[in-house]
Every structure is written in structure tokens, then in C-alpha cells.
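Participant: pasting the structure only:
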């Protein structure tokens, strides 16, 4: 899965309504009363008495060549976004969508919904001791929305017209139109000091350490080898309810590895401390041995309730080869997930059956009621089966079989003008059907998955090859859409919204660096995305998401992959962690935010 630099910041946005007459409290939620009342002491998934001490070393893959995570060019160092930058409001991880005051102490949404005003905390400071001001907030917003920053921000914040400084501690965001989640998106903008950029062009600020308000600052680094962060002992927010019991390590280091196999051996040798495992074979076969048996290394599954979204082998629709839906569906039929799950995945996975897998947003059955009403005006632009059949990914479960699927695929390819002769599947001009799957070096585990998929395609006369490239080249080629097929994830929150434009809307199909890697330009998808964004309440959002899901699924824009409802982790036995885990979380970020060095475990690890 390619790492998108700012998804974690853009992703967790929520819906909240507050009155114009008075400033609200420091919390806001998605159509419900926030779990944590005014004056709460800490989140339930932290240990408020966790000791602040010690160090942790983590793996990173590939390389890095920038400390600026907000530009199109360059590969940012791991940890920069998560450890340095803070937004106005911070999210809770044990509610569907709630935010609590961080840099801002409260907010005010205008009665007409066309502006929101945030008041900053007087004590908020950047790590150099200077105060966080409304001018810094405006500068951050204006800079990130400029052409010198990653274009994703301009799309994501397109409805935020401007930011106005009311006074040194008050900032007002003005909206171009009413958008139910827009004021919450404003609350999630990452804030940095104007002094970081100075008089330089933002896209030329590459290796200057960001001046930010977060709990850590960069201590040292060596390009492509490691980066170390040190906890700021004077961190301004350490006693806030949203920070108590969090960010407990004195030092956090990311060491870079070129290969996951090398990293695994380095982990067993004690070169780093924690591993989030994405490879099912490695999890089943390689995370064992004397150090595991002796309790020096712990192997543990952490459950979650995350919306699993969609992962798949994505077709680049910009390629003429993949513009025919019959061709795309034929290729999809050649993937035997059930065989792979038995023989490669040790039965650890579920098949992705939705762009919102593992959530209530997933489409089920056939459309009816309000969902059908959204789709009905576009009946002539949609596959007829969408209205009469429940979508399911191809399967080889009895009575189905791979043989039957390949027969169906052969028929579809012939209908699309592809016929087998002279040892290959060819079009009417005689050109053979061949494509390449692009992988990055951290995805080498996919080679064993793609190999049997390619063998099945070869039975149809299709030549599918795969190649792993280094991280920098992979990012450049994916940013410029220079690939035939790639593995891509479309992660989703429990309340999807404006980020869907970056994934699926026609506006981003030709924008380099967007997450619309498939090059999707479909006016019905555009309308369904807009229905989700402008949903007025939770029920409308669920209905709109299901309608969007249905249109995407029936478009065969990717070959669906799989997901798992647990986080697979391994770590050296020298850490403590809270008794309660969150509901919706990335395990690596949760670990960085809430774990601590445990002296008893540390002795056991030695």
C-alpha cells in the first residue's frame, strides 16, 4: 500500500452543530452528545499515570529526502506528521467522530453555516517558545492551499474560501457554500509557525526542521538512514485532557530498511522494538523462535472496529487497455481469492466486498427506498444488474470454480474484441494483451500473490508481469500515474466526506499526486460523492455512501483484495500499554501515542 503523506491529518473530520449566540465548549461530535463531558481528565484508552521515560526504535522502509510533508515532491521522513504537527481540534479514538479542543479552546459556527470561528488557547506554544497566534493559523491555511503545496489541499479545502484574523487569538474561516462537515475540516488543519517558512517559497522548504507545537521535535537524522525525535520537556499541552497520559517516550527513532525480510531479521536481533505485520505468511511462519518462546518478544493481535475501506489491484483507466468494463471484469474473474486465502494467507483474511468494508456504510442486497431514489435518475448510465442483483466479488466456492470463472472471462474478452491466436490474446490489430503490476520494495510479499493470479491470466492468453521498484521511484510514478496496475488502498473513516473527491471525483483524475490513481471520470460517481459530502444528517450520509459504494463496485475499477479485523503486532517485552484499546485506530500511531517503557518488561527484555 503506498503511503500518502497527509491522509492521517485529512481523514478524521466530523460533523457538529453549535449555536451562533455563544461559544461552544471544547468538544464537538457527529450528531450525538460527545462521550467526554466538559472538564474530563483524560481519554479512557490512555494510562494517565504512564511514566515518561526511555526510548523506542521503529522500522521505516525505503528512504526519505524531505522534512516537509505538505508538498508534491519528495518522500517525507517517517513520524514528521504524527509527532510534530497539531490541529486546532483533536479526535477521540473511541467514538465514531468526536473532536476535543487542542490548540483551540472553543469554536462558533455561524447561524447561516457560512463561517466558523475558533479561539486559541493562551498557553499554546511552538517548540521554540513563541505563541501560536491566529496569524500562524491563517498562514498555515493560506500556504497549504497555495500552488506551492500539495494539490490535495486545494481540492479538500475548496469550499473554505478564506481565513480571517479577528484578533491575535481568534481566527475565522469563511465558506463558499454550506457544507455539513466543513467547519470540522477547518478544525483539522495542521498548524505551523510562519517562521518555519520565512521568506522562502514553500516548495523549496525541504530540510529545514518544522517549527511546530507538537510534543516532539527533530533531534537528529541522516538522510535515508534514520531520524530521531526527542520529547519536548516544555511541551505546552502535556496537561490537557487530550494529551494526559500520551506521548511518553523521551526519544523515538525510525531506522530505514530497504527490504522487509532484512527488517524482520533486524527486529529479531533487537535493532528495533515494534513491528506492525502486514504479511500473513510472515505472521504465521516467521514470528516464532526461542525469543518468542522465552517471552522476550511478544506476538499479539489487537482487535479494532475500523472501517476497512477497499484495497485492490487498481486498473489505470488512462490506459486504453482497461477502458472496457468487460476487460476489467474478465481480469477480476481470474483472481482466485479462496485458493490464496487457503494456501498463502493461512485463512487470515476476509474478501473486500465494499469500498466501506466492515462498516454500516457498505451496500447490501439491492437498492431500495431512499438509496434507490438517489440512483434512479441515473438508471440509463448504470449497469442494469445494479438494480436487480446484489454485488459480490467473484468466488470459487462450490458450486463455483476457477474454471467456470475463466470461461466467463474468455467470453467477455471475445465480446470486447480480444481473441487468442499465435500464442497470445490479441486485439483486432494483432497487438498482444500484456500489462505490468507495479510494486514498491515494501510490497515484495505481493509477488507470491500476484504469481498465481498471473498464471490464471496466462490461461486466457494475457501476459501479466510484476516489478518492484524503490520507494522514491514508486512514489514518483504513482504521483504521475505512470503505471498499468498497482496495489492501492482506499481507507475510509466512519464518516466519509470531502476526502472522497481526492479518491474518486473527476476533478482529481488528472491532478498529479491525487489519490484518484485509477483515473476515474464518471459523472454518476461524481454525483454520488457530492451526495455523501452534503448529507444533512447521519442517515442521509449512510444512504449516500451505500449508493456510491454500489456505483463503484459495479464499475469494476479494481480487483478487490482483502482485509483483516485485527492488528498483527510483535514487540520486545519492555513496554506497557493501557488496559483498554480504542475502537478506531492505526495500531502504530496508537502505540506511539499511549505506550510507555515498562521497567519490569525492560528487565525481561534484557
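Facilitator: Nice, thanks for sending it over. Computed from a prediction, not measured in an experiment: that's the story for all the values here.
Participant: mind checking which helix or strand residue 486 is in?
Facilitator: If you go by DSSP states H and E, residue 486 is part of strand 485-490.
Participant: again with residue 139
Facilitator: According to DSSP H and E, residue 139 maps onto helix 134-144.
Participant: contacts for the longest helix anywhere in the chain?
Facilitator: Taking DSSP state H as the criterion, the chain has its longest helix at helix 538-554. In this structure, residues lying in contact with helix 538-554 by Cβ atoms under 8 Å, 6 or more residues apart in numbering are 15, 30-31, 354-356, 360-364, 367, 369-371, 374-375, 382-383, 385-386, 391, 495-496, 500, 504, 522, 524-525, 528-529, 531-532, 535. Placement of C-beta: from N, CA and C, glycine included.
Participant: hmm, which of those are the buried ones?
Facilitator: 15, 30-31, 354-356, 361-363, 367, 371, 374-375, 382-383, 386, 391, 495-496, 500, 504, 522, 524-525, 528-529, 531-532, 535 (16 or more other Cβ atoms under 10 Å).
Participant: hang on, the earlier thing: can you point out the buried residues in the helix holding residue 139?
Facilitator: Buried residues in helix 134-144, counted by 16+ other Cβ under 10 Å: 134, 136-141, 143-144.
Participant: can you check stretch 434-448 too?
Facilitator: The neighbour-count check on stretch 434-448 (16+ other Cβ under 10 Å) flags 435, 437-443, 445-446 as buried.
Participant: follow-up on the earlier one: now the helix or strand following the strand holding residue 486, how far from the chain's geometric center?
Facilitator: Sequence-wise, the next helix or strand downstream of strand 485-490 (DSSP H and E) is helix 499-504. Distance, stretch centre to chain centre, for helix 499-504: 12 Å (Cα atoms, centre = their mean, to the nearest Å).
Participant: check which helices and strands helix 499-504 sits against.
Facilitator: Judged by 3 or more Cβ pairs under 8 Å, 6 or more residues apart in numbering; DSSP states H and E, helix 499-504 is in contact with helix 7-11, helix 151-156, helix 523-533, helix 538-554.
Participant: now do the contacts for the residue lying farthest from the centre of the chain.
Facilitator: Residue distances from the centre of the chain (Cα atoms, centre = their mean) peak at residue 422, which lies 44.2 Å from the mean C-alpha position. Neighbouring residues of residue 422 by Cβ under 8 Å, 6+ apart: residue 430.
Participant: where does it land on pLDDT?
Facilitator: The model reports residue 422 with a pLDDT of 93.
Participant: repeat that for residue 470.
Facilitator: The score at residue 470 is 88. That number is its pLDDT.
Participant: same question, residue 258
Facilitator: Looking at residue 258, its pLDDT is 87.
Participant: tell me how far the ends of stretch 116-134 are from each other?
Facilitator: The first and final residues of stretch 116-134 sit 13 Å from each other (Cα to Cα, to the nearest Å).
Participant: no wait, stretch 410-425
Facilitator: 10 Å.
Participant: next, the buried residues of it.
Facilitator: Burial within stretch 410-425, assessed by neighbour count using 16+ other Cβ under 10 Å, is assigned to 410, 412-413, 416, 418, 424-425.
Participant: next one: stretch 184-195
Facilitator: 184-194.
Participant: swap in stretch 164-172?
Facilitator: Buried, per 16+ other Cβ under 10 Å, within stretch 164-172: 165, 169-172.
Participant: check which helices and strands the helix holding residue 139 is in contact with.
Facilitator: Using 3+ Cβ pairs under 8 Å, 6+ apart, helix 134-144 is in contact with strand 115-120, strand 160-167, strand 170-175, helix 194-197.
Participant: redo those as CSV? Include distance to residue 91.
Facilitator: Formatted as CSV, these follow (distance: least, Cβ to Cβ, whole Å):
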stretch, distance to residue 91
strand 115-120, 16
strand 160-167, 19
strand 170-175, 18
helix 194-197, 24
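Participant: per-domain residue ranges of this structure.
Facilitator: 7-252+569-597, 310-563 (automatic domain parsing).
Participant: report the distance from the first one to the chain centre.
Facilitator: Put plainly, it is domain 7-252+569-597. Centroid separation for domain 7-252+569-597 versus its chain: 16 Å, with Cα atoms, centre = their mean.
Participant: my guess is residue 520 contacts residue 509. True?
Facilitator: Yes: the pair residue 520 / residue 509 is scored as a contact, 6.0 Å apart, by Cβ atoms under 8 Å.
Participant: joint contacts of the two?
Facilitator: Counting by Cβ under 8 Å, 6+ apart, nothing touches both residue 520 and residue 509.
Participant: residue 531 - nearest residue in space that isn't next to it in sequence?
Facilitator: Spatially, and ignoring its direct neighbours in sequence, residue 531 is nearest to residue 544 (3.9 Å; Cβ to Cβ, 6 or more residues apart in numbering).
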